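> Quick one: sequence plus predicted model below, questions after.
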Amino acid sequence: MKGSIPLTIFDPIWQRTAAANRTEKKTVDRADTEERRYTGTAAADEWSQSYAQWSRNYQGFIATLKEVYNFTLFSELFRAHRDRCDQIMRREGFCAGFRYDLAVRANAFQCDFVRNETSLFPDVSKFREDIAEETLAEAKRYGETGYIDNPYISGGKKENFDPHTGKEKNLYAKDRGDERGRGGNRFQSRTTPGRTRNEYQGSRSGRDDYDQDSRYRREDNSWGDRFRNRSGEFGYDNRVKDRSRNYKSQQGYRNDQSKGRKRYEPYMIGNRTGGNDESTSVCWPTEVKCEMNLRVWTDALKRAGLSEKYADVIVGFREGFSQGIPNHTIGDLRWYTPPNHMSADWAKEDIISNLKKEVAAGRMFGPFSHRTVARRFPFFRSSPLGAVANSDGSIRPINDLSFPHDQPGIPSVNFFVEKEDFTTTWDDFKTVANFFRQNSTQYELGLFNWEKAYRRIPTKQDQWPYLFVQDFDGNLLLDTRITFGGVAGCGSFGRPADAWKEVMMAEFNLVHVL
């Protein structure tokens with residue numbers, strides 16, 4: 001082999017995108033120019049993986065070796081190697097283990113190992129102490145030890161640093177007014193000291209004098225005219241930058257093709273953001289709606305003697321469930337709407353289809369322009385969309401409420417939420433498995449499937465300003481249901497699920513696994 005195999009090609013979403021792009025290409029003469037020759041969909045940099053993505057992609061790599069190519073021995077060797085990397089990560093942090101993994105795989109795939117004039121594949125399961133010492137020293141030299149996840153991913157603490165050199169990337173060069181190369185029109189970042197949750201929580205009433213016709217107005221501006229944006233207004237240009245660098249939240253983004261790769265850039269229509277305005281037929285939701293049959297729920301709880309214990313569940317169905325998100329702002333920004341993750345772009349068609357279904361079902365509303373939403377809320381924000389593949393191959397959109405990760409001055413939505421406030425009595429899978437292993441009694445098992453479970457649970461209206469998502473045109477969609485990616489999601493669904501579990505126990509002779 002000429003090079004190492006990047007784990008990112010085992011991401012199921014990337015594989016679907018690569019397959020789709022392949023069908024759109026035509027075979028060309030190999031003598032033709034390099035620019036016209038099809039080179040395939042570029043794989044993402046391995047340093048873009050979080051620990052969860054690295055672990056999942058490794059599973060795909062090992063499964064491919066064993067099930068597709070029948071390399072059973074190789075798959076076991078790499079499984080042992082991955083487990084060793086996990087041990088290093090638990091002891092020294094993600095980067096130390098990841099650097100060890102990269103070095104061992106590079107040696108295995110790129111270096112010839114010859115014995116008795118026979119080329120052999122090296123045993124990657126054996127611990128290479130020399131490599132471990134070198135990669136650990138490198139991790140310590142770059143200040144990477146102690147991070148339980150990859151600090152170089154989008155929104156991570158070392159997002160602006162190069163993992164290969166340990167030095168800060170020169171991505172905030174001063175805008176010189178020219179268009180030289182891809183790095184033009186970048187702005188100097190402004191760092192903000194870290195804050196506590198309470199420091200970000202502010203009363204909305206203090207912003208009631210907001211002039212609805214002035215989109216970018218700020219209550220207190222001490223920056224001076226030199227930081228005005230191109231339209232002469234005070235926008236996101238002069239604030240802390242997130243992973244998109246050139247991205248300006250008041251302008252949305254658009255897809256642009258550059259040498260076969262998509263990227264997001266700002267776009268403007270006249271002097272306003274693209275998208276539906278208040279003059280269109282798109283309706284704004286005025287009340288919480290729930291698909292649950294409240295009469296049946298009320299009767300079932302009453303028969304089980306649970307009406308008082310789970311009265312909050314009925315109230316939640318009527319008024320929505322709190323997600324634990326307090327009223328807050330980010331500095332004096334009117335909104336914060338970062339672009340979606342690359343995984344969303346890879347699964348674009350699936351996500352668009354899903355968004356259409358959610359809007360048609362009345363669980364999402366929009367699309368709305370930033371201007372329209374700004375007339376409704378003094379401050380609002382969206383979180384980046386991503387995508388994960390389900391076990392059946394279908395795509396599930398994820399609203400990343402944990403973005404940005406540990407970035408001073410810009411707390412994520414999940415930053416404000418206390419997970420201890422959203423506990424449930426769900427039985428853990430390991431607990432259930434141990435119960436059956438240790439018990440010889442025969443049981444009849446039944447499966448209860450709550451279809452679209454999370455999407456049946458409405459959120460309270462005072463949570464809506466912080467639960468927007470952006471579509472692929474830079475417009476905003478209001479999500480009125482609990483979402484995958486929110487700290488409170490499990491507990492918000494868990495409360496009705498706990499009620500239903502006790503109803504079932506009252507109706508049938510069931511065993512409660514403790």
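Perfect, I can see it now. Nothing here was measured: the structure is a model prediction, and the numbers come from that model. Numbering: from 1, shown residues only.
> shaky segments in the stretch 51-200 of the chain?
Residue ranges of the stretch 51-200 of the chain with pLDDT under 70: 110-121, 170-200.
> And for the stretch 351-500 of the chain?
In the stretch 351-500 of the chain the weaker segments, taking pLDDT under 70 as the threshold, are 390-393, 426-428, 451.
> Excluding chain neighbours, give the residue nearest to I330 in space.
Closest residue to I330 apart from its sequence neighbours, by Cβ to Cβ, 6 or more residues apart in numbering: Y336 at 5.1 Å. (Glycine included, C-beta is placed from N, CA and C.)
> Is that neighbour bridged to anything, and to what?
Taking DSSP bridges as the rule, Y336 bridges to R381.
> Would you check that it makes contact with H328?
No: counting by Cβ atoms under 8 Å, Y336 does not reach H328; the two are 10.5 Å apart.
> circling back: report pLDDT for the residue nearest to I330.
pLDDT recorded at Y336 is 94.
> Quick one: neighbours of it, just the number.
Counted with other Cβ atoms under 10 Å, the neighbours of Y336 add up to 24.
> Distance-wise, check it relative to S322.
21 Å (Cβ to Cβ, to the nearest Å).
> okay, W297: pLDDT?
W297 carries a pLDDT score of 94 in this model.
> Show the contacting residues for it.
Shown in contact with W297 (Cβ atoms under 8 Å, 6 or more residues apart in numbering): V313, I314, F317.
> any idea which helix or strand carries the second one?
This points to I314. helix 311-319 (DSSP states H and E).
> mind checking how far that helix is from the chain centre?
Relative to the centre of its chain, helix 311-319 is centred 29 Å away, using Cα atoms, centre = their mean, to the nearest Å.
> Which elements pack onto that helix?
On a contact count with 3 or more Cβ pairs under 8 Å, 6 or more residues apart in numbering; DSSP states H and E, helix 311-319 meets helix 294-303, helix 489-507.
> Just send the ones you listed back as TSV, with distance to Q438 too.
Formatted as TSV, those follow (distance: least, Cβ to Cβ, whole Å):
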stretch	distance to Q438
helix 294-303	33
helix 489-507	22
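> looking at those, which is buried most?
Most buried of these by mean neighbour count (mean count of other Cβ atoms under 10 Å) is helix 489-507; its value is a mean of 19.
> residues making contact with it?
300-301, 303-306, 309-310, 312-313, 316-317, 321, 323, 419, 421-426, 448, 450, 453-454, 457, 459, 482-483, 510, 512.
> still on that earlier bit, make a ChimeraX selection of whichever of the contacts of W297 turn out to be buried.
In ChimeraX, selecting the buried portion of the contacts of W297, with burial taken from 16 or more other Cβ atoms under 10 Å, looks like this:
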select :313,314,317
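> tell me the SS of V469?
strand (DSSP: H, G, I helix; E, B strand; the rest coil).
> ok, now A106?
A106 is classified as helix under three-state DSSP.
> just to revisit the earlier point, can you tell which of the helices and strands packed on helix 311-319 is closest to G97?
In terms of Cβ to Cβ, the element of the helices and strands packed on helix 311-319 nearest to G97 is helix 489-507, at 28.1 Å.
> And F61, which helix or strand is it part of?
Assigned by DSSP H and E, F61 falls in helix 51-63.
> let me redo that: P339
Assigned by DSSP H and E, P339 falls within no helix or strand.
> tell me the pLDDT at it?
Value listed for P339 in the pLDDT field: 91.
> Please apply the same query to R228.
At R228, pLDDT is 34.
> Would you write a ChimeraX line that selects the buried entries of the contacts of helix 489-507?
Here is the ChimeraX command that picks out the buried ones among the contacts of helix 489-507, judged by 16+ other Cβ under 10 Å:
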select :300,301,304,306,310,313,316,317,321,323,422,457,459,482,483
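> From the centroid of this structure, which residue is nearest?
By Cα atoms, centre = their mean, the chain has its centre lying nearest to D400, at 3.5 Å.
> and the gap between T165 and L102?
T165 is 15 Å from L102, by Cβ to Cβ.
> try Q461
48 Å.
> Then D462?
Distance from D462 to L102, by Cβ to Cβ: 46 Å.
> Show me which of the two is the more surrounded one.
L102 (19 against 14).
> Spatially, what comes nearest to that one if we skip its sequence neighbours?
Leaving aside its chain neighbours, L102 sits nearest to E46 (6.9 Å; criterion: Cβ to Cβ, 6+ apart).
> Neighbours of the closest residue to P6 other than its chain neighbours, how many?
The shortest distance from P6 to any non-neighbouring residue, by Cβ to Cβ, 6+ apart, is to A43 (4.7 Å). Residues near A43, counting by other Cβ under 10 Å, number 16.
> do the one 3 residues further on as well
Residues near E46, counting by other Cβ under 10 Å, number 19.
> Tell me how far it lies from Q53.
The value you get for E46 to Q53, if Cβ to Cβ is used, is 10 Å.
> Then G316?
33 Å.
> The helix holding I314 vs helix 489-507, what angle?
Using axes from the mean of the first three to the mean of the last three Cα atoms, to 10 degrees, the inter-axis angle of helix 311-319 relative to helix 489-507 is 120 degrees.
> As CSV, could you dump the C-alpha coordinates of helix 311-319?
Output of helix 311-319 as CSV, limited to C-alpha atoms (Å, rounded to 0.1, in the frame of the first residue of the first chain):
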residue,chain,number,x,y,z
ALA,A,311,-50.0,15.3,37.0
ASP,A,312,-47.0,17.1,35.6
VAL,A,313,-47.1,14.8,32.6
ILE,A,314,-50.5,15.9,31.6
VAL,A,315,-49.6,19.5,32.1
GLY,A,316,-46.5,18.9,30.0
PHE,A,317,-48.6,17.5,27.2
ARG,A,318,-50.8,20.6,27.3
GLU,A,319,-48.2,23.3,27.9
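> quick one: average confidence on that helix?
pLDDT averaged over helix 311-319 gives 94.
> measure H370 to W335 for me?
Separation of H370 from W335 (Cβ to Cβ) stands at 6 Å.
> Comparing those two, which residue is more hemmed in?
Just comparing H370 and W335: by other Cβ under 10 Å the higher neighbour count belongs to H370, 26 against 23.
> Give me the phi and psi angles of that one.
phi -60, psi -40 (degrees, to the nearest 10).
> I figured it hits L333, correct?
No: if you go by Cβ under 8 Å, H370 and L333 don't touch, sitting 11.7 Å apart.
> Next up, the contacts around L355.
M364, P397, V469, D471, L477.
> Fine by me, we can end here.
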